[in-house]
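>>> sequence below, structure please.
(one chain, ligands or ions: 2)
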Amino acid sequence: MTGFAFEPNPTPMSVNERSGLLADPGFGRIFTDHMATIRYSADKGWHDAKITARGPLTVDPATAVLHYAQEIFEGLKAYALDDGGIAMFRADANAARFRKSAQRMAMAELPDELFVESCKQLVLTDRDWIPNVDGGALYLRPFMIASEVFLGVKPAAEYLYCVLASSVGAYWKGGARAVSLWVSHDYTRAAPGGTGEAKCGGNYATSLVAQQDAIARGHDQVVFLDAVERRWIEELGGMNIFFVMADGSLVTPPLGGTILPGITRASLIQLARDEGLTVREERYAIEQWRADAESGALVESFACGTAAVVTPIGRVAGPGYDFTIGSGGTGQTTARLLARLSDLQRGRAPDPHGWLQRI
Ligand code: PLP
Ligand code: COI
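Ligands and ions are numbered 1, 2, ... in the order given. Below you'll find the model as predicted:
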């Protein structure tokens, strides 16, 4: 299969209405005029690739995804560069992770070239939707659902792959500030052998009650501990985590099957090592975090992900404890890594690893 058919949106949003929306986009509420779709069936393989007007999907109530949640997704950004170009950040890594998620969920595997091409075609079509605000980007949301109409419990024989583009600004309301975390000792996110390292909707569905609990207690985000010993820090509901020690080294939980292998995480490990910093991928316990924060052995912590980029952590609480990280604000290493990553993503700094794909 080659090429994407193009069916332009017959009623695109007016320029005036769009620029009004793009002045203050927030996160995940503004969608562009088009979407990309590709279908899969066991007999035809991948077919019917197109860019069409964004609009509702019509699904039969017996469609498999509605019953057994065979669904995966990705999140990546396209940026407007200072020189007028546009680039996607590490789309090949998202393509590879999407295939791994598909394997875990017994779904058809989309070839990486189709994943990257679908994102590229959509960005080129809706390039005028990239907001010119601080942190502005097109957030791409590729996802795939089991579209076979069948109630038997088995891997579907038909899939619908779709990419949406959303004009986004900063993820956090009120801009960049250090966030406060609640450590859940009641709920876990993923167990060994489960789906923790897959980016499947089910992982997010089960995290919502824990996130709701964190918000109800006055915090921004939940932190999950491992499901076996309930002491090793894993990740947040939608971000990985790093710890910055007083000796300048960094620690981040290892990828062991239960956490999402974040592309921002991998990029920051590389950027930190490029600077000569030591980064250890090793387990770090909640009681150690508290002791190290209180003794000064740990000076900063931050969360990271495509949506949240690099977000400083100021405060951490759980049942019976509540501690501050460093001064409770943004630490030096956190600020520097955020600047290095954002500058690279926007083409304002060299890209020695070839992470930007100009389109
Ligand atoms: N962990 C979870 C659970 C996530 O949803 C995300 C977001 O995609 C991340 C980590 C960070 O991954 P990435 O840096 O690839 O966006
Ligand atoms: C992303 O960072 O891309 C995610 O999927 C996280 C989600 C909370 C928006």
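>>> top helix in this structure by residue count?
helix 201-216 (DSSP state H).
>>> is R231 in contact with I286, as I believe?
Yes - judged on C-beta atoms under 8 Å, R231 makes contact with I286 at a distance of 5.7 Å. Yep, even glycine has a C-beta here, placed from its N, CA and C like the rest.
>>> what about those two, which has more around it?
Between R231 and I286, counted using other C-beta atoms under 10 Å, the more crowded position is I286 (19 against 14).
>>> ramachandran coordinates for the more buried one?
phi -60, psi -40 (degrees, to the nearest 10).
>>> separation between it and ligand 1?
Relative to ligand 1, I286 is positioned 18 Å away (C-beta to the nearest ligand atom, to the nearest Å).
>>> quick one: contacts for that residue?
Contact analysis of I286 by C-beta atoms under 8 Å, 6 or more residues apart in numbering lists 183, 225, 231-233, 318.
>>> how much space between it and ligand 2?
Taken as C-beta to the nearest ligand atom, the span from I286 to ligand 2 is 22 Å.
>>> model confidence at that residue, what's the number?
pLDDT, I286: 98.
>>> circling back to that earlier point, what packs against the longest helix of the chain?
Contacts defined by 3 or more C-beta pairs under 8 Å, 6 or more residues apart in numbering; DSSP states H and E place helix 201-216 against strand 71-73, strand 179-184, strand 221-225.
>>> now tell me what touches the shortest one from outside.
Put plainly, it is strand 71-73. With contact meaning C-beta under 8 Å, 6+ apart, strand 71-73 is reached by 65, 98, 101-102, 105, 107, 141-146, 198-202.
>>> low-confidence ranges, the stretch 51-200 of the chain, go.
Applying pLDDT under 70 to the stretch 51-200 of the chain flags the ranges 173-176.
>>> which residues in it form strands?
Residue ranges of the strands in the stretch 51-200 of the chain, as given by DSSP state E, counting those that start in this stretch, are 71-73, 76-80, 86-89, 137-146, 158-168, 179-184.
>>> okay if I get these as TSV plus mean neighbour count and distance to ligand 2?
Compiled in TSV, the strands of the stretch 51-200 of the chain are given as follows (neighbours: other C-beta atoms under 10 Å; distance: least, C-beta to the nearest ligand atom, whole Å):
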stretch	mean neighbour count	distance to ligand 2
strand 71-73	23	7
strand 76-80	23	7
strand 86-89	22	11
strand 137-146	24	7
strand 158-168	23	10
strand 179-184	21	13
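>>> out of the ones you listed, flag the one nearest G257.
Closest to G257 of the strands of the stretch 51-200 of the chain is strand 71-73 (C-beta to C-beta; 16.2 Å).
>>> ok, the closest one near ligand 1 or not?
No - using C-beta under 6 Å from any ligand atom, strand 71-73 stays clear of ligand 1, with a minimum separation of 9.0 Å.
>>> enumerate the residues of the chain near ligand 2.
Contact residues, the chain versus ligand 2 (C-beta under 6 Å from any ligand atom): 75, 238, 305-307.
>>> restricted to helices, list these.
Among the residues of the chain next to ligand 2, no member falls in helices (DSSP H).
>>> now, which of the residues you listed lie close to ligand 1?
Among these, proximity to ligand 1 is found for 75, 238, 305-306 (C-beta under 6 Å from any ligand atom).
>>> give me the number of residues near K44?
Residues lying near K44 (other C-beta under 10 Å) number 11.
>>> tell me the contacts of it?
K44 touches nothing, counting by C-beta under 8 Å, 6+ apart.
>>> next one, pLDDT for it please.
97.
>>> so how far is the helix or strand harbouring I241 off the chain centroid?
Following DSSP states H and E, one finds I241 within strand 240-245. Here strand 240-245 is found 17 Å from its chain centre; the criterion is C-alpha atoms, centre = their mean, to the nearest Å.
>>> how about stretch 190-200?
That offset, for stretch 190-200, works out to 15 Å (C-alpha atoms, centre = their mean).
>>> same check on stretch 300-309?
That offset, for stretch 300-309, works out to 10 Å (C-alpha atoms, centre = their mean).
>>> ditto for stretch 103-123
Here stretch 103-123 is found 16 Å from its chain centre; the criterion is C-alpha atoms, centre = their mean.
>>> please identify the buried residues of it?
Applying a neighbour-count criterion of 16 or more other C-beta atoms under 10 Å, one finds 104-105, 107-110, 112, 114-123 buried in stretch 103-123.
>>> same thing with stretch 215-232?
Buried residues in stretch 215-232, counting neighbours by 16+ other C-beta under 10 Å, are found at 219-227, 232.
>>> try stretch 334-341
Under the neighbour-count criterion of 16+ other C-beta under 10 Å, stretch 334-341 has 334-335, 337-338, 340-341 buried.
>>> contacts for it?
Contacts of stretch 334-341 (C-beta under 8 Å, 6+ apart): 244, 264, 267-268, 271-272, 275, 300, 302, 309-310, 312, 349.
>>> related to what we said a few turns ago, so which of the contacts of strand 71-73 are also by ligand 1?
Near ligand 1, judged by C-beta under 6 Å from any ligand atom, there are no entries from the contacts of strand 71-73.
>>> sweet, I'm off.
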